[in-house]
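In: quick one: sequence plus predicted model below, questions after.
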Amino acid sequence: MSTAREHAGQAALSICEALLLAMNDRGLLPEHEIVGVLRDAAATHENAVGTEPEMENHRAVAELINAIIAGGNSVRRS
């Protein structure tokens with residue numbers, strides 16, 4: 001069963017993706033800059049420290065961000 005926290009995370013991801021797409025569509029950020037933002041976000045989680053449960057969460061977040069990069073979800077590729 002989904003929790004309120006999971007819903008909040010899904011909403012945040014959806015909002016951020018929409019913002020990245022809008023910035024790219026309007027020419028505010030080119031694709032390589034958007035991918036750079038995503039890579040920076042993934043690196044932050046890949047380099048995070050904490051307890052094992054916290055590290056597991058950070059690894060999962062980094063994997064999700066890297067999957068978004070690989071899938072091209074946040075940029076409209078020509």
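Out: Perfect, thanks for sending it.
In: need the contact list for residue 58.
Out: Neighbour list for residue 58: 45-46, 48, 50 [criterion: Cβ atoms under 8 Å, 6 or more residues apart in numbering]. C-betas here are computed from N, CA, C, even on glycine.
In: one more time with 10 Å, if that's ok
Out: By Cβ atoms under 10 Å, 6 or more residues apart in numbering, the contact list for residue 58 reads 44-50.
In: check residue 56 too.
Out: Residue 56 makes contact with residue 50 under the criterion Cβ under 10 Å, 6+ apart.
In: and it, helix, strand or coil?
Out: Recorded secondary structure, residue 56: helix (DSSP: H, G, I helix; E, B strand; the rest coil).
In: kindly provide the distance from it to residue 27.
Out: From residue 56 across to residue 27, the span is 39 Å (Cβ to Cβ, to the nearest Å).
In: returning to what we had before: which among the contacts of residue 58 end up buried?
Out: residue 45 (16 or more other Cβ atoms under 10 Å).
In: and residue 11, how far from residue 25?
Out: Distance, residue 11 to residue 25, by Cβ to Cβ: 21 Å.
In: which non-adjacent residue is nearest the residue nearest the centre of the chain?
Out: Central residue of the chain (Cα atoms, centre = their mean): residue 65, 4.1 Å from the mean position. In space, and not counting its chain neighbours, residue 65 is closest to residue 42: 4.0 Å by Cβ to Cβ, 6 or more residues apart in numbering.
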